[in-house]
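Engineer: Okay, sequence plus prediction incoming.
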Amino acid sequence: MATVFLEIVLDTSDAAEAGFEARDEIEDPVADALEEHELGEVTGGGGGMGYWNIDVEIADESQFDEAIRLVRNTLAALKVPGSTRIVRYKPAKTAYNVYH
């Protein structure tokens, strides 16, 4: 059972323009959704250099498709900025848009 690490990356100026004052306004709903569906958890986050990041660990590779769909849907429901990316680093760096 291999876990999958994702990083949600938001431009702070775009987030502020969209009405977000703090990272936890996004982080908490993502954490709640992952935990409710037992797909993973938010393991941390941070900010600096004009960006916020939210670290997500998906419980199992076999749940990746379901988990990325849930994360995207949660972020879209929050109306995060279009510049928001979900980044997977292994096996190769891949960036996913929130809005398809």
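Structural biologist: Here it is on my side, so go on.
Engineer: rest of the way, CA atoms for contacts and neighbours
Structural biologist: OK.
Engineer: So residue 42 sits against residue 59, correct?
Structural biologist: No - if you go by C-alpha atoms under 8 Å, residue 42 and residue 59 don't touch, sitting 10.8 Å apart.
Engineer: now the helices: where do they sit in this protein?
Structural biologist: 12-17, 24-36, 64-78 (DSSP state H).
Engineer: got a list of what residue 51 touches?
Structural biologist: 9, 10, 11, 12 (C-alpha atoms under 8 Å, 6 or more residues apart in numbering).
Engineer: Look up the closest residue to the first one, ignoring the ones flanking it.
Structural biologist: Here the nearest residue to residue 9 in space, its sequence neighbours aside, is residue 53; by C-alpha to C-alpha, 6 or more residues apart in numbering that works out to 4.6 Å.
Engineer: That neighbour pairs with what?
Structural biologist: Residue 53 forms beta bridges with residue 9, residue 46, as assigned by DSSP bridges.
Engineer: and it, how many residues sit next to it?
Structural biologist: 22 (other C-alpha atoms under 10 Å).
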